[in-house]
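Below: sequence and its predicted model.
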Amino acid sequence: MSPAAKRPGDPRLRAAALEWLLTDVDGVLTDGRLRFGPKGEDRKLFHVRDGLGIKLAQRAGLKVGVLSARGGAALDLRVAELDLDAALTGRQDKAKAFREFLAAQKTEARQVAYVGDDLVDLPVLLHCGLSFAPADAAAEVRRRVDHTLSTPGGAGAVREAVEWILKTRGEWASLIASYLG
C-alpha cells in the first residue's frame with residue numbers, strides 16, 4: 001500500500017465527498033510525448049475513452065477541469081469540446097494554482113480528486129481528497145497516490161479513475177443502464 005493510501009480516511013469514503021475531478025494533461029490525458037507541427041504548433045493525441053469518462057463524471061454531478069503546466073491550441077480545443085468546468089493551463093507552480101483554484105471555486109481540497117503523473121503534480125496529489133496516477137507515472141508519484149491505475153497516460157487512465165470513483169460512489173450502474181435501454 002502506498003504512503004498516501006495511509007492518509008486519514010478510507011479512500012472509498014473520501015470518494016463520496018468529491019465535487020471535482022482535476023487532471024493533469026501531458027502524461028495523463030496524453031501519453032506525455034510532445035509533438036510539434038512544422039510551424040511550431042503543438043499536436044496532442046487524446047483518447048476518446050477519457051472524453052467519455054469526463055462526460056460520465058459530469059453527468060454524475062462532478063465538475064471536471066484540467067491543471068497543466070503547459071497550454072496550447074490543441075488543449076484549448078479539447079477543453080472547449082468537452083465543455084470542462086475549469087482550465088488552469090500554463091501553470092508551472094501547481095501548488096499555487098491549486099490554492100487559487102480552491103479559493104475561486106469556493107471548495108476544499110478534500111472535495112477534489114486529482115490525476116497526475118510526475119513530480120510537478122505531487123503538491124496537488126498530496127493535498128487533494130483522492131489521488132490517482134496512471135500506470136506509467138513516475139515511481140515517486142505511484143508510491144504516494146491513493147490509487148495507481150492499471151492504464152497508462154493517454155490510453156484511458158482518466159476514464160479508469162472516473163469509473164473507480166463512480167463505482168465506489170454507487171453511481172456507475174445507473175449511468176451504464178442509460179446505454180442499455
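Structure received. Numbers count the residues shown, from 1 in each chain.

how about the nearest residue to residue 154 once chain neighbours are set aside, secondary structure?
Closest residue to residue 154 apart from its sequence neighbours, by CB to CB, 6 or more residues apart in numbering: residue 31 at 3.2 Å. For every residue, glycine as well, the C-beta is placed using N, CA and C. Assigned with DSSP: H, G, I helix; E, B strand; the rest coil, residue 31 falls in the coil class.

how close does residue 31 get to residue 132?
17 Å (CB to CB, to the nearest Å).

okay, the two: which has more neighbours?
Counted by other CB atoms under 10 Å, residue 31 and residue 132 do not tie: residue 132 has more neighbours, with 29 against 19.

what bridges to that one?
Beta-bridge pairing for residue 132 (DSSP bridges): residue 115, residue 147.

hang on, the earlier thing: enumerate every residue touching the residue nearest to residue 154.
45, 152-155 (CB atoms under 8 Å, 6 or more residues apart in numbering).

Okay, helices next: where are they in the protein?
With helices called from DSSP state H, the chain shows them at 11-16, 48-59, 73-82, 94-105, 122-125, 139-142, 157-168, 172-180.

between these, which gets nearest to residue 26?
helix 73-82 (9.0 Å; CB to CB).

Quick check: buried residues in that closest one?
Neighbour counts over helix 73-82 (16 or more other CB atoms under 10 Å) mark 74-75, 78-79, 82 as buried.

what about the protein, any weak spots by pLDDT?
Applying pLDDT under 70 to the chain picks out residues 1-8, 32-37, 40-43.

Mind checking which residue lies nearest the centre of it?
The centroid of the chain falls nearest to residue 23 when counting by CA atoms, centre = their mean (2.5 Å).

Tell me, how many residues neighbour the closest residue to that residue other than its chain neighbours?
Leaving aside its chain neighbours, residue 23 sits nearest to residue 115 (4.3 Å; criterion: CB to CB, 6+ apart). Neighbour count of residue 115, defined by other CB under 10 Å: 33.

can I assume residue 115 is in contact with residue 28?
Yes: with contact defined as CB atoms under 8 Å, residue 115 reaches residue 28; the gap is 5.2 Å.

who touches both of these two?
Among the neighbours of residue 115, those also in contact with residue 28 (CB under 8 Å, 6+ apart) are 134, 157-158.

can you tell me how far the residue lying closest to residue 102 once chain neighbours are set aside sits from residue 139?
Distance criterion CB to CB, 6+ apart; nearest residue to residue 102, sequence neighbours excluded, is residue 109 at 6.2 Å. In this view, residue 109 and residue 139 are 24 Å apart by CB to CB.

ok, the two, which is more surrounded?
Neighbours per residue (other CB under 10 Å) separate residue 109 from residue 139, with residue 109 holding more: 16 against 8.

Let me see the contact set for that one.
Taking CB under 8 Å, 6+ apart as the test, what residue 109 contacts is 98, 102, 127-129.
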